[in-house]
Every structure is written in structure tokens, then in C-alpha cells.
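Engineer: sequence and predicted structure below; questions after.
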Amino acid sequence: MADDKPPFKKIDKNGPSLQDGGKEKKGDSLTPPPHAVGAEKSLLSSMLQNPEEYIGRAIEGQLTPAHFYVPSHGKLYAVLTTHFEEGKTVELLALTQHLIDRNLLDTIGGPSALTEIYTYAPTAAHFDSHLTIVKEKFILRNIIKSCTESITTAYDNPEDVVNFLDEVEQKVLEIREASETNIEIGVKEAVIEVMKYLEEFLAGDRGITGLTTGYPDLDKMANGLKAPDMFVIAARPSMGKTSFMMNIVEHIAVTSGKPAMVFSCEMSTVQIVQRLVFSRARFQFAKLMKGYTPNKADLERIKKASGEVAAAKLFIDDTAGISINDLRAKARRKHRDEGISVIAVDYLQLMRSTTKQASNSREREIAEISGGLKALAKELNVPVIVLAQLNRGPEGRTGSALGVPRMSDLRESGSIEQDADMVGLLYRKVYYVDNQEERDEDDGEAELVLAKNRNGPTGAVPLTFIPDLMRFETRSFQPEPG
């Protein structure tokens with residue numbers, strides 16, 4: 001009887017030794033990882049013959065010693081770039097003596113190997129194409145290394161498969177991002193940017209640097225929503241935090257035309273879009289429930305608003321109880337495909353984490369979710385808006401402090417306060433007023449108390465809430481008498 005079991009290939013848990021030019025099994029033969037020794041020699045030869053031109057171009061092309069398959073080539077390139085950055089003359093005789101003095105000449109194959117590299121390329125005409133080849137081979141080796149590690153871990157049957165899948169995806173995306181851009185910025189370049197900002201600010205030429213929210217007072221205090229900030233908007237239930245978040249998203253995606261993504265754990269996509277359309281059209285949807293027939297002007301506004309919302313690059317995921325790993329995976333793909341400029345999450349306490357530690361502690365779970373959202377903001381370099389629920393602390397206060405929120409009211413975890421770059425506490429006084437006359441007087445009055453602002457001032461942003469439109473608008477600040 002034939003054996004129905006599939007064949008299994010033995011995996012070396014240490015993976016192929018890529019750094020030392022190791023080989024991996026491919027079929028029945030030993031096959032070295034992808035490499036291009038000739039292209040590596042050609043690059044180094046061009047750099048030795050014309051260091052001023054080609055060492056600089058290699059650095060600008062983000063070539064590093066790790067890109068070289070042959071270890072001695074990587075070591076030689078490291079010496080060349082060090083000489084170049086220190087302003088030393090790169091010349092064959094002086095370079096040979098430098099290597100001898102530091103006992104490095106033998107590590108690159110001796111004087112004959114150095115001479116061979118120097119004379120290898122008769123022309124540097126193909127420098128750019130050879131640079132591309134070397135970098136592509138490096139990417140392929142990294143893919144093999146990452147996949148080998150993942151296969152080995154998969155054979156070991158990891159307990160947390162969902163978390164493992166997230167790690168695999170992140171590794172692949174890291175390879176892609178590393179091949180496209182170098183996110184490392186030197187202090188010198190950063191200082192230049194800071195001084196440029198100062199000069200423009202003093203000259204009055206600098207506006208809001210981040211994404212505008214549609215609320216000028218908030219924009220002035222926060223200087224707009226900037227990457228990679230995490231902006232937590234917290235409130236008690238029924239304060240309108242979802243409406244406020246969607247008003248900001250509407251301004252960014254619909255009015256400003258920038259791609260945005262919303263993760264809604266509480267409302268469906270249809271409910272969110274319904275709110276957006278009727279709020280933007282300034283039409284009271286509740287009227288329809290009472291038998292009101294929209295007139296021509298109403299229909300024109302609704303038609304215009306629906307067209308604007310439909311044309312916006314707004315993406316909504318309404319997965320209930322989405323895990324932090326799933327959210328990050330979806331956000332990465334959407335950022336890669338659509339270039340989203342902001343992420344909004346409604347709301348943090350309805351999300352979940354699937355790690356074993358999180359299953360034993362709700363506080364630990366919230367901490368993992370909060371930290372994961374902040375890490376996502378840094379990874380994708382976009383601002384992340386997160387709604388959060390406050391505990392019952394505001395209701396327990398008395399006198400003029402009744403209902404007034406504090407950062408310490410953030411529910412279930414102090415890590416939210418720690419991870420957030422900005423914390424806005426949404427408050428409507430009318431929610432805590434029993435007297436009908438006072439309720440009528442204060443109806444619509446609202447405030448966003450910016451209790452934490454890592455890069456700017458704190459204070460209150462006066463707002464007006466229009467319940468029939470589920471909309472917050474800017475309110476002129478009126479000081480109390482006396």
C-alpha cells in the first residue's frame with residue numbers, strides 16, 4: 001500500500017549562513033544564496049578609481065557593507081566610506097598602508113586582492129546598474145533568510161499563531177521598506193530642519209505643519225495632526241466622541257482630499273456613511289422618521305454631500321472586536337496600496353489582544369493595544385486618532401467639578417496616557433444638568449480639554465454640539481462674568 005504521507009524537507013533551524021557565503025539546499029545540490037560578486041567588484045573598483053564621484057553616489061544610493069555578499073568586500077567598502085566621510089584622501093597606496101597599520105589587509109585578501117579590485121572595472125559607465133544588482137541580490141538573500149526563519153518557527157508549532165502571522169508579515173514589510181527608503185536622519189540634517197522651521201516661523205511664512213482638523217483652535221494648539229503622533233479623544237458615553245472623530249476625518253478625507261482609514265468596532269460602515277452624508281448636507285435625518293418629506297433644497301444638499309463623500313478616499317473597516325494584530329496588518333496593506341495619511345479607531349476598549357499575557361489581565365490587554373497603536377503610528381509614519389472610554393470618575397465629583405473629566409479617568413490602563421502624544425477630554429456640561437432652564441441655556445455648549453500635548457500648549461477648545469446633525473463646530477470663547 002502506498003504511503004500517503006507528503007514528503008517533508010528537513011529545515012536547518014540556524015538557516016543558511018548568508019553572512020559567510022553559506023549555501024542552502026535546493027533539490028539535491030548545494031546552491032549558494034543569490035549574489036553578484038562581479039557587480040560588487042565593479043562597484044568597489046569604480047570607487048577606488050574615482051572616490052569623489054562614486055563613493056558619494058554609493059552612499060546616496062543607501063549602499064551599506066551588509067549589501068555585499070563577500071565579507072571582504074563589505075569590509076573594504078566600510079573603510080572607503082569612513083575615509084570619505086572623514087575627508088581623508090582615498091588613494092591605493094595610502095589605503096593599503098591604512099589597512100596594514102590596522103591588521104586589516106589580510107581580511108580583504110591581501111595586496112593582490114586589493115590590486116585586482118582596483119583594476120577590475122575598466123569603466124564606471126555601468127555603476128548605477130551594478131548598484132541595483134547588488135541591492136536586489138541583498139533583498140533576495142533577506143527574503144530567503146526571513147522565510148527560512150519563519151518556516152522553522154512554523155514547524156515548531158507556535159502557540160500564538162495569529163501573533164506569529166503578524167510577525168511574518170511585518171518582517172516582509174520591513175524588507176520592502178528598507179529597500180525603498182532610509183529612515184535614519186543624521187543630527188546635522190535634523191538641526192538644519194529645525195533652524196529652517198524657526199526662520200520661517202519668525203518670518204510669518206509658516207502655517208500649520210500637520211493635517212488640519214477643521215477646528216482652528218485645536219490646530220493652533222497642536223500645530224495640526226502630525227506623524228507619528230497618537231491623539232486620544234476620551235469621554236464618557238453619549239458625549240459625542242464618535243461624532244467629533246468623524247468630523248475630523250470628514251475634514252481630512254472629504255474637504256482636504258487626503259486618504260484616511262477608519263476602524264469602527266461599534267458602528268457599521270453604512271451607519272457611519274449615513275452620518276457623514278446627512279451631517280455634511282446639514283439635514284436632520286431624524287426628520288425622516290417623523291414623516292418629513294425633503295424639499296428640493298434639502299435634496300440638492302444631500303445629493304452634493306453624497307457625491308463628495310463617495311469621491312473621497314475614505315476606507316472603513318467595521319470588524320467588531322478587531323484584534324490589534326489584524327488592525328495593524330490591514331492598516332499596513334492599505335497604507336502600502338493607498339498611501340493613507342491618517343488612521344482613526346473607534347474605540348480602544350472594544351479592541352482585543354490575542355496574546356497569552358493579555359488573556360490573563362484586562363489592564364495588560366489594554367496596554368498592549370495602546371502600545372500597538374502607537375507603534376503603528378511610528379511604523380507607518382502617520383497620525384493615529386484613537387477614541388477611549390472614561391471611567392465613572394466625572395460622575396462622582398461634586399459642585400462645579402461635576403462631570404469635568406481628568407486624564408486619571410482614562411479607563412482600565414494608565415498606559416494610554418503614557419503612549420498618547422495628545423489627550424483630548426470631550427465634555428458637555430448639559431449632560432450633568434437637571435434643571436430644564438439651565439439645560440436649554442447650555443444646550444450645545446461643549447469643550448475639548450487638551451489635557452496632554454507633548455509638543456505644544458494645553459487648554460480648552462470651545463465647541464458647539466448640534467445634536468440633530470451629530471456635528472461639532474467651533475464656538476467663540478466667552479469668558480464667564482467676573
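Structural biologist: Cool, got the structure. Numbering: from 1, shown residues only.

Engineer: walk me through the domains of the protein.
Structural biologist: For the chain, automatic domain parsing gives the domain ranges 37-157, 209-474.

Engineer: and among these, the most buried is which?
Structural biologist: Ranked by average neighbour count under the criterion mean count of other Cβ atoms under 10 Å, the domains of the chain are headed by domain 209-474 at a mean of 18. Just so you know, the C-beta spots here come from the backbone N, C-alpha and C atoms, and that holds for glycine as well.

Engineer: does the nearest residue to residue 67 once chain neighbours are set aside count as helix, strand or coil?
Structural biologist: Distances taken as Cβ to Cβ, 6 or more residues apart in numbering put residue 138 closest to residue 67, at 4.4 Å, once the chain neighbours are dropped. Using DSSP: H, G, I helix; E, B strand; the rest coil, the structure places residue 138 in helix.

Engineer: redo the domains of the chain as TSV? Include distance to residue 166.
Structural biologist: Compiled in TSV, the domains of the chain are given as follows (distance: least, Cβ to Cβ, whole Å):
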stretch	distance to residue 166
domain 37-157	12
domain 209-474	4
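
Engineer: now distance to residue 172 and mean pLDDT too, for the ones you listed, in JSON lines please.
Structural biologist: Listed next are those as JSON lines, based on distance: least, Cβ to Cβ, whole Å; pLDDT from 0 to 100:
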{"stretch": "domain 37-157", "distance to residue 172": "7", "mean pLDDT": "85"}
{"stretch": "domain 209-474", "distance to residue 172": "10", "mean pLDDT": "85"}
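
Engineer: what ranges do the helices span in the stretch 51-200 of the chain?
Structural biologist: Secondary structure of the stretch 51-200 of the chain by DSSP state H, counting those that start in this stretch: the helices cover 51-60, 71-85, 92-101, 110-118, 127-155, 161-180, 187-202.

Engineer: where's the residue most central in space within the chain relative to residue 261, distance?
Structural biologist: Centroid-nearest residue in the chain: residue 380, 2.2 Å away (criterion: Cα atoms, centre = their mean). Here residue 380 is placed at a distance of 10 Å from residue 261 (Cβ to Cβ, to the nearest Å).

Engineer: what do those two both touch?
Structural biologist: Overlap of the contact sets of residue 380 and residue 261 (by Cβ atoms under 8 Å, 6 or more residues apart in numbering) consists of 331, 340, 343.

Engineer: quick one: which of the residues you listed sit in helices?
Structural biologist: Among the shared contacts of residue 380 and residue 261, the members found in helices (DSSP state H) are residue 331.

Engineer: what is the nearest of the shared contacts of residue 380 and residue 261 to residue 106?
Structural biologist: Taking Cβ to Cβ as the measure, residue 106 lies nearest residue 331 of the shared contacts of residue 380 and residue 261, at 49.9 Å.

Engineer: quick one: residues contacting that closest one.
Structural biologist: With Cβ under 8 Å, 6+ apart, residue 331 has these contacts: 261, 263, 340, 343, 376, 380.

Engineer: contacts for the strand or helix carrying the second one?
Structural biologist: Residue 263 is located in strand 260-264, with elements delineated by DSSP states H and E. The contact list for strand 260-264 (Cβ under 8 Å, 6+ apart) reads 246, 249, 252-253, 272, 312-319, 322, 327, 330-331, 334, 338, 340-346.

Engineer: same question, stretch 391-408
Structural biologist: Contact with stretch 391-408 is made by 234-236, 390, 409-412, 417, 423, 425-427, 429, 431-432, 449, 451-452, as judged by Cβ under 8 Å, 6+ apart.

Engineer: quick one: distance of that stretch to the chain centre.
Structural biologist: Distance, stretch centre to chain centre, for stretch 391-408: 34 Å (Cα atoms, centre = their mean, to the nearest Å).

Engineer: same thing with stretch 401-410?
Structural biologist: Centroid separation for stretch 401-410 versus its chain: 30 Å, with Cα atoms, centre = their mean.
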